[in-house]
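>>> Provide a 3D model corresponding to the input given below.
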Amino acid sequence: MNLADVFTFLFVILGFLIVFVGYWLMAVGLWPGRVERCAEQLGRAPVRTTLVGLVSFVPLVVIGLSMGTKAPNGFLKVVGLGLALGTLFVALFGSAGLALRIGCGLKSVRDEQEPWRRVLRGGIVLGLTFVLPFLGTPVLMALAFCGGFGALVWTLFAKPSPQSQLAPAPAGGPVAAMNAPAPPPPLPVTVP
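Model (predicted):
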């Protein structure tokens, strides 16, 4: 293996990590409540949630890929590949809950002003675990996606819990801080 092969693998892996973190941030930006519910579900019952994901995720991907490669006409091939890719996107969005769960364990003082940083930190850590050869990519990535798919499926059909276990988001966020009344001006100081 020469240096060009090493850099090819390195940049492909780094590209995937950047894309995964980008999708996780997009998921929490579009559906923050759903991602928080996925994180709570993964924290409450990680094994059961991953098993639900495994039972539902793997057959959908296998059916989609087999339809996409063995279907007799083009329309069924497109439907099969769409099913497989759609299932992967759902799993990727659900695994944003796992990134949030990891990020909640890595607390920072900036979390109240910028709650998306929890997903960024957790996503970077989760993505770095995928780099480990023989265990990271085939095993940990598959478990993270199965757990994410199971968490998203679980939260679609289960009632939301009345109290969040995760760190609370700031009340009102940055918009409320911008609309807050200005502090009174300082009192004038007289010099004797």
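>>> give me the neighbour count for the closest residue in space to Trp116 that isn't next to it in sequence.
Spatial nearest neighbour of Trp116, excluding adjacent residues (Cβ to Cβ, 6 or more residues apart in numbering): Val28 at 5.9 Å. C-beta: built from backbone N, CA, C; applies to glycine. For Val28, the tally of surrounding residues (other Cβ atoms under 10 Å) stands at 27.
>>> from here on, call the first residue 14.
Sure, I'll start counting at 14 from here, so that last one is Val41.
>>> Val41: which element?
helix 16-43 (DSSP states H and E).
>>> buried residues, that helix. List them.
Buried residues in helix 16-43, counting neighbours by 16 or more other Cβ atoms under 10 Å, are found at 26, 30, 33-34, 36-38, 40-41.
>>> tell me the two of these that are most distant?
By the measure Cβ to Cβ, Ile26 and Val41 form the most distant pair in these, at 23.1 Å.
>>> how much space is there between the most centrally placed residue in the chain and Ile115?
Nearest to the geometric centre of the chain sits Ala109, at 1.1 Å (Cα atoms, centre = their mean). To Ile115, Ala109 is 11 Å away according to Cβ to Cβ, to the nearest Å.
>>> quick one, helices of this structure?
16-43, 45-57, 59-83, 87-118, 129-142, 155-170, 186-191 (DSSP state H).
>>> any chance of those helices in TSV, with mean pLDDT and distance to Leu148 too?
Below are those laid out as TSV (pLDDT from 0 to 100; distance: least, Cβ to Cβ, whole Å):
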stretch	mean pLDDT	distance to Leu148
helix 16-43	90	14
helix 45-57	93	20
helix 59-83	93	16
helix 87-118	94	17
helix 129-142	92	9
helix 155-170	93	10
helix 186-191	46	39
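>>> and of the ones you listed, who's closest to Gly149?
Taking Cβ to Cβ, helix 129-142 is the member of the helices of the chain nearest to Gly149, at 5.7 Å.
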